[in-house]
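*Asks:* need a structure here:
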Amino acid sequence: MVTTASAPSSAWWRRASKASTLVLDLLHVLEKLCKARYVFHPEGKPRPAALVRERAERILGGGVSQVVKGLRQLVTKRRLRGDKAKTLLDVSAYYYRNRERMGYDVYLNNGWPIAVNRPGFLGGSVPWK
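*Replies:* This is a model prediction of the structure:
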């Protein structure tokens, strides 16, 4: 059995993991990635999708650890401080904690669902352009 969910509690994950393979909802993952993008491109300004698209492709290809490392390196290399650093470190920590539920390359190869259907979600919360 495969269970796809977004942001359930730790207790929920522990109970569900005994009966099924747990998949972190990809749309939830992308929403977090958009928060990282806003560090470099504030809301309301034109937002190039390169940061989100490139990292989403890595995540889908099984490279969650590479994305975590890259986000942490951005903080160091760009000498980010304050809210900007906190945002990137929070997103990278979230991905690191959930990396076992983000094996999207395997899930897709097995034909398993990687997102919960929510009409209109991509149009509002995860802008691609």
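*Asks:* Mind telling me what element Leu22 is part of?
*Replies:* Element membership for Leu22, per DSSP states H and E: strand 21-24.
*Asks:* So which other helices or strands are in contact with the next helix or strand after that strand?
*Replies:* Sequence order places helix 26-40 as the next helix or strand after strand 21-24, per DSSP H and E. Applying 3 or more C-beta pairs under 8 Å, 6 or more residues apart in numbering; DSSP states H and E, we find helix 26-40 packed against helix 50-60, helix 82-98. All C-beta atoms are positioned from the backbone trio N, CA, C, and that covers glycine.
*Asks:* want to throw those into a markdown table with mean pLDDT, distance to Leu26 and mean neighbour count?
*Replies:* Compiled in a markdown table, the helices and strands packed on helix 26-40 are given as follows (pLDDT from 0 to 100; distance: least, C-beta to C-beta, whole Å; neighbours: other C-beta atoms under 10 Å):
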| stretch | mean pLDDT | distance to Leu26 | mean neighbour count |
| --- | --- | --- | --- |
| helix 50-60 | 90 | 8 | 17 |
| helix 82-98 | 94 | 12 | 16 |
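*Asks:* Which of those sits closest to Phe40?
*Replies:* Closest of the helices and strands packed on helix 26-40 to Phe40 is helix 50-60, at 6.7 Å (criterion: C-beta to C-beta).
*Asks:* Identify the residues contacting the most centrally placed residue in the chain.
*Replies:* For the chain, the residue nearest the mean C-alpha position is Val29 (2.5 Å; C-alpha atoms, centre = their mean). Going by C-beta atoms under 8 Å, 6 or more residues apart in numbering, Val29 touches Ala56, Ile59, Tyr95, Met102.
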